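> Task: produce atomic coordinates for the following.
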Amino acid sequence: MIDVRTRLLRRGDYIFGSFVRPSTVDGYIVAVNPGDRSDVLGRFAFSLVSVDDAVGAAREAMAPWSAMSVAERAQCIARFGEKLEEAADTYAMLITREGGKPLWEARAEVDATVRAVRLLLADGPPLLDPRVLQQDTAWSERRPVGVVAVITPFTYPMLVPAIHILVALLAGNPVVFKPSKFAPGVGQALAELLDRCRLPRGTFNLVQGSGASVGARLAAHPGIDALLFTGSHRTAAKVRRSLEGRPELPVFFNCGGKGAALVLDDANLDLAAYELCVSAFATGGQRPDAAARVFVAKPRFDQFCDRMAERIGNLKVGYGFDDGVFLGPMISDTHRRQFRGKLDALSDAGHAAIVPGGFADMEGRRGFYVRPAMHWVLRDEALAGEPVGPVIQVYSVDGEDHAVSLHERLPSRLATAVFTEDERRFRSLGERMTTGALHMNRGTSGAALRLASVGRGQSSNGLPGATELIRFLAIPRAVVIDRREYDRSRYVPGAGPLPSLNDDGETIMS
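Got it, this is the predicted structure:
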């Protein structure tokens, strides 16, 4: 058994190329192992003044960083990937300790981050190259948007911020990053990695703190030029309201919302049960694209529920460093109580608990453990709201039309899985459903990082596609040069200059 209990060295915020302690302290966030509350990683001080300092440092770095070539910026990002890969297991253990994920899942996140860096370096630089329309006459180029604020959640404490930060840097933008209050240690580790990548001072900055104070101050700061926000719809709505006075600010809201699944009458039930268990219960059911509602064809309903119940019963709940654990703790006691509250509400409304869930005790560990649940939902009103934590709500449907009707009433449809042996049925259903991503015979979580963003600003795995973020953070600009002699005959009094076509048939204003 692996266990790490050494307190982290709290190095403070990272501003203008150095770790600094806040000059004034407005509060603290305490990093606690959610699988063992006796393991306190450390107490991190935060300050609102640090936000101003970090944004100021980023503005100073705009000129030197954007002046570097794309190839030079790519070299810095490549160093990040190399150093992350060299110590991958160390970072995975930190993710497990701070966020509760089983070690196998934390390792998978670090590996995915390394792959994301490679894909960014392969796909990103060509997007930033100038496009020549006619040699020495017209071309288009992409310019950095400016200082980019990045705010991310705890569910993917390394993968999501790394993608956002590195895309912004590659596009020539300095960054101010605020990690989740539940992941200050991983946020500091990212800053330590970037500190070793030889960036110009101020190019990357880190501020710790809560979302309600430091996050709100950063999102509304007049010195930022773009905002990349990943989090809940409720928080995003608050951020949007705070930015009403800045309609010109580019804002990318990457908001989660649990996924859904349809199990048709010809589905492989063993495959469906396996895929949906993984999708629904990985990361304690807290992933933004976790399967939460499953619409099952009535003739197969009892068989499917039996298979799901058997699989759920075999899932091992436990401490992330223990062998064989699939389901770790929830991130906090607040999240755990919300989970139990939702289960109580389902039971009180008469929706049968096929697999009862609730709080779980772990011998020798004081953590935020829960048992996964599955409820048979008997009435449609349970479509409203968002299931919390590791719970699946199953619905018995009369046919495809009934399933599609219920699916389209869901408040969020980030990803949808369809289980069927008939690809034509799958494609036909896909035409009738509105969803961010459509999966056949696989769960709603996880897919290729290279896939473009689809649906509601999400990629197929619930994360923004890197190429779309590059386009978002690099402003296109057209440059046109005309060296022709002025022809008086082309002037029409009262009409001004007339457009003409160049040799390639493209319009260029004379």
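> Under the pLDDT cut-off, which ranges of the stretch 401-510 of the chain? List them.
446-466, 488-510 (pLDDT under 70).
> where do the helices sit along it?
Here the stretch 401-510 of the chain has its helices, by DSSP state H, counting those that start in this stretch, at 423-432, 466-473.
> Bridged to the residue nearest to residue 232 when sequence neighbours are not counted, which residues?
Of all residues beyond its chain neighbours, the one nearest residue 232 is residue 255 (6.5 Å), with distances taken as CB to CB, 6 or more residues apart in numbering. All C-beta atoms are positioned from the backbone trio N, CA, C, and that covers glycine. For residue 255, the beta-bridge partners under DSSP bridges are residue 231.
> What does the pLDDT read for residue 255?
Here, the pLDDT recorded for residue 255 equals 80.
> Tell me which residues touch it, please.
Residues in contact with residue 255 (CB atoms under 8 Å, 6 or more residues apart in numbering) are 230-233, 236, 288, 457.
> Can you say which of the residues you listed are buried?
Neighbour counting with 16 or more other CB atoms under 10 Å marks 230-231, 236, 288, 457 as buried within the contacts of residue 255.
> Which two of those residues have the greatest separation?
Of all pairs drawn from the buried ones among the contacts of residue 255, the greatest distance, 13.0 Å, lies between 231 and 457 (CB to CB).
> what is in contact with those two at once?
Common contact partners of residue 231 and residue 457 (CB under 8 Å, 6+ apart): 254-255.
> any idea how this protein splits into domains?
Under the assignment automatic domain parsing, the domains of the chain span 13-256, 259-440.
> What helix or strand is residue 167 located in?
Using DSSP states H and E, residue 167 sits within helix 159-170.
> Residues contacting that helix from elsewhere in the structure, which ones?
So helix 159-170 is contacted by 65, 70, 73-74, 76-77, 80, 84, 109, 112-113, 116-117, 120, 124-125, 128, 148, 150, 152-153, 175, 177, 179, 187, 190, 194, 199, 203-204, 226, 228, 230, 254, 463-464, 466, 469-470, 473 (CB under 8 Å, 6+ apart).
> Mind doing that once more with 6 Å?
Identification of contacts with helix 159-170 by CB atoms under 6 Å, 6 or more residues apart in numbering yields 73, 77, 109, 112-113, 116, 120, 124, 148, 150, 152, 175, 177, 228, 230, 466, 469-470, 473.
> Please check these and keep the buried ones.
73, 77, 109, 112-113, 116, 120, 124, 148, 150, 152, 175, 177, 228, 230, 466, 469-470, 473.
> circling back to that earlier point, paired strands for whatever helix or strand comes next after the helix holding residue 167, with orientation please.
Later in the chain than helix 159-170, the nearest helix or strand by DSSP H and E is strand 175-178. Strand pairing for strand 175-178, determined by DSSP bridges: strand 148-151 (parallel), strand 204-206 (parallel).
> quick one, which of the ones you listed is packed in tightest?
Counting by mean count of other CB atoms under 10 Å, strand 204-206 has the highest mean neighbour count of the strands paired with strand 175-178, with a mean of 30.
> quick one: that one to chain centroid distance?
Distance of strand 204-206 from the chain centroid (CA atoms, centre = their mean, to the nearest Å) equals 19 Å.
> Now the helix or strand just after it - C-alpha only, PDB.
Under the assignment DSSP H and E, the closest C-terminal helix or strand after strand 204-206 is helix 216-219. Below are the C-alpha coordinates for helix 216-219, written out as PDB (Å, rounded to 0.1, in the frame of the first residue of the first chain):
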ATOM      1  CA  ALA A 216     -14.500  36.400  -8.800                       C
ATOM      2  CA  ARG A 217     -11.800  39.100  -8.600                       C
ATOM      3  CA  LEU A 218      -9.800  37.500 -11.400                       C
ATOM      4  CA  ALA A 219     -12.800  36.900 -13.700                       C
END
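> List the contacts of helix 216-219.
48, 51, 149, 178, 227, 239.
> didn't the fourth one look like it was pressed against residue 207?
The one in question is residue 178. Yes: counting by CB atoms under 6 Å, residue 207 is a contact partner of residue 178 at 5.3 Å.
> Please name the nearest non-neighbouring residue to residue 61.
Distances taken as CB to CB, 6+ apart put residue 202 closest to residue 61, at 3.4 Å, once the chain neighbours are dropped.
> Doesn't that neighbour belong to a helix?
No: membership of residue 202 in a helix is not supported by DSSP: H, G, I helix; E, B strand; the rest coil, which gives coil.
> That one: how many residues sit nearby?
As a burial measure, residue 202 scores 24 neighbours (other CB atoms under 10 Å).
> show me what contacts it?
16, 57-58, 60-61.
> And residue 328, by the same measure?
Contacts of residue 328 by CB under 6 Å, 6+ apart are 100-102, 284, 320.
> On the pLDDT front, check residue 338 for me.
Here, the pLDDT recorded for residue 338 equals 94.
> Just give the number of residues close to it.
14.
> So it is in contact with residue 388, correct?
Yes: the pair residue 338 and residue 388 qualifies as a contact (CB under 6 Å) at a distance of 4.7 Å.
> Nearest approach to residue 486 belongs to which of the domains of the chain?
That would be, of the domains of the chain and by CB to CB, domain 13-256, which comes in at 16.2 Å.
> about what we covered before: between residue 178 and residue 207, what contacts are shared?
Contacts common to residue 178 and residue 207, judged by CB under 6 Å, 6+ apart, are residue 214.
> Could I get the average pLDDT for the helix holding residue 167?
pLDDT averaged over helix 159-170 gives 95.
> Which residues does stretch 367-374 contact?
With CB under 6 Å, 6+ apart as the test, stretch 367-374 has contacts from 34-36, 281, 308, 312, 317, 329-330, 333, 336, 339, 343, 354-355, 357-358, 360, 362, 390-392.
> now with 7 Å?
34-37, 281, 285, 308-309, 312, 315, 317, 327, 329-330, 332-333, 336, 339, 343, 353-360, 362, 389-392, 394 (CB atoms under 7 Å, 6 or more residues apart in numbering).
> next one: stretch 420-434
Against stretch 420-434 from outside (CB under 7 Å, 6+ apart): 262, 264, 266-268, 400, 404, 407-408, 413, 416, 418, 438, 440.
> Tell me which two in those residues are the farthest apart.
Using CB to CB, these span at most 25.2 Å, a distance reached by 268 and 408.
> Point out where the protein drops to low pLDDT.
Looking at the chain by pLDDT under 70, you get 1-5, 135-136, 446-466, 488-510.
> ok, longest helix in it?
If you go by DSSP state H, the chain has its longest helix at helix 103-128.
> Next, the buried residues of that helix.
Buried residues in helix 103-128, counted by 16+ other CB under 10 Å: 103, 105-110, 112-117, 119-121, 124-125, 127-128.
> can you check stretch 265-280 too?
Buried-residue list, stretch 265-280, by 16+ other CB under 10 Å: 267, 269, 272-280.
> Go through these and say which is closest to residue 43.
Checking those against residue 43 with CB to CB, the nearest one is residue 280 at 34.2 Å.
> didn't that closest one look like it was pressed against residue 387?
No: taking contacts as CB atoms under 7 Å, residue 280 lies outside contact range of residue 387: 9.1 Å.
> Please enumerate the shared neighbours of these two.
Residues within reach of residue 280 and of residue 387 at once, by CB under 7 Å, 6+ apart, are residue 292.
> quick revisit: list buried residues within the contacts of stretch 367-374.
For the contacts of stretch 367-374, buried by 16+ other CB under 10 Å: 34-36, 281, 285, 308, 312, 315, 317, 327, 329-330, 332, 336, 339, 343, 354-355, 357, 360, 362, 389-392, 394.
> Go ahead and confirm residue 209 touches residue 46.
Yes: in this structure, residue 209 is within contact of residue 46 by CB under 7 Å, at 3.3 Å.
> circling back: sort out for me which of the contacts of stretch 367-374 are in strands.
Cross-referencing the contacts of stretch 367-374 against strands under DSSP state E gives 353-355, 358-359, 391-392, 394.
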